[in-house]
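Chemist: model the following, please.
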Amino acid sequence: MKKALITGANKGVGFETAKQLLENGYYVFVGSRDINNGKTAVEQLKQAGFEAAEAIQLDVTDIASVNAARNEIENKTEVLDVLINNAGINGGFPQAALEASAEAFQQVMDTNLYGVVRVTQAFIGLLRKASQPRIVNVSSSGCSLTLHGDPNWKYYTHKAAVYTASKAAMNMYTINLAYELRDTPFKVNAVCPGFVATDFNGHRGTGTVQEGGQRIAKYAMIGEEGPTGKFISEEHNPETGETPW
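Modeler: Down below sits the predicted model:
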């Protein structure tokens with residue numbers, strides 16, 4: 001049975017992605033900053049008939065928590081097949097480039113960028129032991145530099161200086177990570193779940209968490225022929241999913 005770790009998996013897209021992987025026979029470690037929320041999520045999954053899930057306390061902003069989670073999972077399995085870096089914060093709104101403080105940028109970066117770095121580096125050893133390891137960094141088409149520079153893009157006026165900067169930086173990390181792992185079985189991609197209705201956006205999204213979870217899970221389970229080092233948004237590009245950086 002393949003094993004996956006999803007950060008921030010106690011609700012929203014992370015929770016739905018866990019369901020999608022469970023439906024496909026994966027064992028899922030449900031990462032949650034608050035272990036009680038994680039346990040509640042796992043109980044909900046079990047009530048839905050999914051037994052192969054367990055909660056892991058994991059605060060991506062705390063290296064001690066990240067290392068403790070790694071040690072706990074290492075005691076349970078020798079191999080991790082999938083890492084989904086899903087945990088993220090938006091930083092609150094509005095986010096004007098001339099008004100948002102440097103501290104606001106730092107706080108959001110600590111989760112959305114540095115958190116991804118901490119978790120990826122902590123779990124890379126377990127991932128290397130998998131035959132077909134997959135890393136999915138949950139991104140957003142709303143952080144595309146190309147799209148945000150295009151006045152004809154439908155979301156051109158939806159600017160959020162702090163959040164978009166953090167995810168654009170995470171995308172760059174994804175490119176470098178995929179490059180460093182290019183001669184290995186790894187597949188590493190940044191994947192947008194779409195503008196789905198969750199607590200993250202005050203349920204203003206136009207898509208469903210089911211759609212978002214399916215998109216993330218798809219790239220967590222891709223075969224050898226699948227892409228790596230790509231920015232994927234099937235909402236933006238239904239044909240191939242590939243989206244401009």
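Chemist: for the rest of this, base every contact and every neighbour count on C-alpha atoms.
Modeler: OK.
Chemist: what does the helix or strand where residue 20 lies contact?
Modeler: Assessed by DSSP states H and E, residue 20 sits inside helix 12-23. If you take C-alpha atoms under 8 Å, 6 or more residues apart in numbering as the criterion, helix 12-23 is touched by 6-9, 27-28, 30, 41, 45, 50, 52-53, 86-87, 193, 198-200, 209-210, 212-214, 216-217.
Chemist: how about stretch 212-229?
Modeler: Against stretch 212-229 from outside (C-alpha under 8 Å, 6+ apart): 13-18, 20-21, 82-84, 132, 134-136, 138, 174-175, 177-179, 185-194, 196, 234.
Chemist: ramachandran coordinates for the residue lying farthest from the centre of the chain?
Modeler: Residue distances from the centre of the chain (C-alpha atoms, centre = their mean) peak at residue 98, which lies 28.5 Å from the mean C-alpha position. Dihedral angles of residue 98 (phi, psi; degrees, to the nearest 10) stand at phi -90, psi 0.
Chemist: mind listing the strands for this structure?
Modeler: Along the chain, counting by DSSP state E, strands occupy 3-6, 27-32, 53-57, 82-85, 134-138, 187-192, 231-233.
Chemist: helices of the chain, start to end?
Modeler: 12-23, 35-47, 63-74, 102-112, 114-128, 145-148, 161-180, 209-220 (DSSP state H).
Chemist: any chance of the ones you listed in a markdown table, plus distance to residue 94?
Modeler: Listed next are these as a markdown table, based on distance: least, C-alpha to C-alpha, whole Å:
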| stretch | distance to residue 94 |
| --- | --- |
| helix 12-23 | 22 |
| helix 35-47 | 28 |
| helix 63-74 | 29 |
| helix 102-112 | 11 |
| helix 114-128 | 23 |
| helix 145-148 | 17 |
| helix 161-180 | 9 |
| helix 209-220 | 24 |
